[in-house]
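Asks: Sequence below, structure please.
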Amino acid sequence: MQVAIRQMGNSRGVLIPKPILAQLGLENTADLQVRDGVIEIRALPRNPREGWADDARRIAAQGDDALVWPEFANEGDAALLW
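Replies: Predicted coordinates for the structure are as follows:
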């Protein structure tokens with residue numbers, strides 16, 4: 001896709017079409033680098049545990065936070081000193 005380089009204040013830039021931003025998952029911030037003469041724009045890596053605390057609170061509020069496996073002990077656990 002050919003795009004125009006436009007004047008933007010004291011800088012110059014390229015407008016990225018909304019469908020391309022959506023396809024890449026880019027919203028407010030991105031990682032911008034130049035490698036081997038190529039401009040790379042990438043989505044920032046997400047925290048894989050993002051939202052876990054909110055989900056845990058929601059599940060607990062619904063009363064659906066019981067153990068999936070019942071607690072069980074191993075033979076000899078009572079003799080262990082912690």
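
Asks: can you give me the strands in this protein?
Replies: Using DSSP state E, the strands of the chain run over 6-8, 11-13, 31-35, 38-42.

Asks: Any chance of these in TSV with mean pLDDT as columns?
Replies: Shown next, in TSV, are the strands of the chain (pLDDT from 0 to 100):
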stretch	mean pLDDT
strand 6-8	95
strand 11-13	95
strand 31-35	95
strand 38-42	94
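
Asks: Out of these, which gets nearest to Leu24?
Replies: When the strands of the chain are compared by CB to CB, strand 38-42 sits nearest Leu24, at 7.8 Å. Where C-beta positions appear, they are placed from N, C-alpha and C, glycine not excepted.

Asks: Which residue lies nearest the spatial centre of the chain?
Replies: For the chain, the residue nearest the mean C-alpha position is Arg46 (2.1 Å; CA atoms, centre = their mean).
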